[in-house]
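> The following block contains a protein sequence and its predicted model.
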Amino acid sequence: MNDLFSKFDALIQQRETLLAGGVEDPFNLVMERVLSPTQAVCNGRDTILLGTYNYMGMTFDPDVIAAGKKALDDFGSGTTGSRVLNGTYQGHREVEAALCEFYAMDHAMVFSTGYQANLGIISTIAGKGDYIILDIDSHASIWDACKMGDAEVVPFKHNDLEAMERRLKRVPEGAGILVVLEGVYSMLGDVAPLAEMVAIAKKHGAMVLVDEAHSMGFIGEHGRGVAEDQGVLDQVDFVIGTFSKSVGTVGGFCVSNHPKFEIMRLVCRPYVFTASLPPSVVATAATSIRKLMHGSNKRAHLWENSRRLHGGLQALGFQLGTQEPQSAIVAVIMPNLERGAAMWEALLKEGLYVNLARPPATPANMTLLRCSLCAEHSAEQVEEILGMFERAGKAVGII
Amino acid sequence: MTRDETDSRIRALIEPFNKKGARVDDATSFAGDLEFDSLTVMDFVAAIEDEFDIIISMNQQAEIENYGQLVDAVCKLQG
């Protein structure tokens, strides 16, 4: 018998070597108790959370929790059905209405995860003979959507306007084009030059989809994301987003002004062939989205936190993914996986959780310690975090 | 452009990516002989696309395993 698992041997070996060094498994952490959006008990230790994407700290908001409990009581624990059969409850309609209001767009379609939103929309609208022109650092859900669909897939160098335009120029005349971009790229926390990119895409007759998963709630005047911030949201055909970051629960969505958008509900397989979100989840999401419309104080504090952490880490001598803070993600570049894992563990022992990100998820084979800030991190916590980085960084010899 | 001309232009482009200095003929494979990882493939494809002003989509790349197949594909894509 040919063992189908032998293709994973190299990865199994790499993992065993890493763990043999005595390091705690970075990919097997258990949150035993979660005390707040910024604190938990992990592997038996009190820990500050700095790698959760819980940007606006909505997970413990009393109104959000109350809405979820009420929906659980009134509608039960799950829908046990597809959105197009028995799985559309009042709450699904309400969360879609909240999204239309949040983005000031005509249509909103909610998926069971953000991954499925990208998978479904991209693979469905770009068909055989069409071209998808996408940034090479796109999220896995975008790449998987490309793999699932029948369109021709053409990547260009990250955030490179010329590389993008050269490819658009070469698309055969008459072919449909979907340009896929992200507002904030989650690995390095850098922002796309969407104003220029959207203009170039439109010049070449392309439709534009922007994934704003990492910007919702705190970038742009109304928290609609990078496209709003750069003044081109009205030129974007499809915005993809998620409930699992600023909104503080799980689920994904697409909002659009396309007049025929509603047909997606019948033709998009990752929407049709899966159960819809539980009533409690859509109730918490709708409540959270409505509260995010009025979150300007929290937004300002989140930006203060991001600037302080970025500046503080830079002053300590860490190498960061961006020269200046561009989002609520601060990526600390590690020399390699072994040292990165050692630093990750040293931070965990200090009582700090960050994400250890490694190839193939990262650009250019980098190992990153990815920090994502929360509006609920206090200024004191950020100082405490910097102290932990300093001690851990010196102990491991990174700084 | 003849196949030979295309071949020599691609041969020049492959030079900086051929870190091991492996001998390149039609049967040379990118993954096995040249040990190109996915990032190298992306950069190499971009260089060819710009040189010949063509698109080699990822769908087409999936069918190109060795050097000879690449030269043939580029000849075809130039029309």
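Looks like it came in fine. Residues are numbered from 1 along each chain as shown, chains lettered A, B, ... in the order given.

> Now do the SS call for residue A:155.
strand (DSSP: H, G, I helix; E, B strand; the rest coil).

> close enough to count as contact, it and residue B:58?
Yes - at 7.0 Å, residue A:155 counts as touching residue B:58 under the criterion of Cβ atoms under 8 Å. Where C-beta positions appear, they are placed from N, C-alpha and C, glycine not excepted.

> So those two - more neighbours on which side?
Neighbours per residue (other Cβ atoms under 10 Å in any protein chain shown) separate residue A:155 from residue B:58, with residue A:155 holding more: 23 against 18.

> In space, what's closest to that one - neighbours in sequence excluded?
In space, and not counting its chain neighbours, residue A:155 is closest to residue A:136: 4.4 Å by Cβ to Cβ, 6 or more residues apart in numbering or on different chains.

> got a list of what that neighbour touches?
A:155-158, A:363, B:42 (Cβ atoms under 8 Å, 6 or more residues apart in numbering or on different chains).

> In JSON lines, list those along with pLDDT and distance to residue A:201.
Listed next are the contacts of residue A:136 as JSON lines, based on pLDDT from 0 to 100; distance: Cβ to Cβ, whole Å:
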{"residue": "A:155", "pLDDT": "96", "distance to residue A:201": "15"}
{"residue": "A:156", "pLDDT": "95", "distance to residue A:201": "11"}
{"residue": "A:157", "pLDDT": "94", "distance to residue A:201": "16"}
{"residue": "A:158", "pLDDT": "95", "distance to residue A:201": "16"}
{"residue": "A:363", "pLDDT": "87", "distance to residue A:201": "22"}
{"residue": "B:42", "pLDDT": "89", "distance to residue A:201": "21"}
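
> Can you pick out the most distant pair from the residues you listed?
Greatest spacing in these, by Cβ to Cβ: A:156 and A:363 (13.5 Å).

> Look at those two and report which has more neighbours.
residue A:156 (22 against 17).

> Distance-wise, check that one relative to residue B:11.
The span separating residue A:156 from residue B:11 equals 25 Å under the rule Cβ to Cβ, to the nearest Å.

> quick revisit: put together JSON lines for the contacts of residue A:136, with distance to residue A:6 on each row.
Formatted as JSON lines, the contacts of residue A:136 follow (distance: Cβ to Cβ, whole Å):
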{"residue": "A:155", "distance to residue A:6": "30"}
{"residue": "A:156", "distance to residue A:6": "35"}
{"residue": "A:157", "distance to residue A:6": "34"}
{"residue": "A:158", "distance to residue A:6": "33"}
{"residue": "A:363", "distance to residue A:6": "29"}
{"residue": "B:42", "distance to residue A:6": "27"}
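
> What helices and strands are in contact with the helix or strand bottoming out on mean pLDDT in chain B?
None of the helices or strands of chain B scores lower by mean pLDDT, DSSP states H and E than helix B:38-52, at a mean of 92. If you count contacts as 3 or more Cβ pairs under 8 Å, 6 or more residues apart in numbering or on different chains; DSSP states H and E, helix B:38-52 packs onto helix A:161-170, helix B:3-14, helix B:67-77.

> Residue A:43: which of these is closest?
Nearest to residue A:43 among the helices and strands packed on helix B:38-52 is helix A:161-170; the distance by Cβ to Cβ comes to 43.3 Å.

> Render the CA-only coordinates of the lengthiest helix in chain A in CSV, please.
Ranked by residue count and defined by DSSP state H, the top helix of chain A is helix A:296-316. Output in CSV follows, covering the C-alpha atoms of helix A:296-316 (Å, rounded to 0.1, in the frame of the first residue of the first chain):
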residue,chain,number,x,y,z
SER,A,296,-15.0,56.5,17.2
ASN,A,297,-13.5,56.7,20.7
LYS,A,298,-12.5,53.1,20.7
ARG,A,299,-11.0,53.6,17.2
ALA,A,300,-8.9,56.4,18.4
HIS,A,301,-7.5,54.4,21.3
LEU,A,302,-6.8,51.4,19.0
TRP,A,303,-4.7,53.6,16.8
GLU,A,304,-2.9,55.0,19.9
ASN,A,305,-2.1,51.4,20.9
SER,A,306,-0.8,50.5,17.4
ARG,A,307,1.4,53.6,17.2
ARG,A,308,2.8,53.0,20.7
LEU,A,309,3.6,49.3,20.2
HIS,A,310,5.1,49.9,16.7
GLY,A,311,7.3,52.8,17.9
GLY,A,312,8.2,51.0,21.1
LEU,A,313,9.3,47.8,19.4
GLN,A,314,11.2,49.8,16.8
ALA,A,315,13.1,51.7,19.6
LEU,A,316,14.0,48.3,21.2
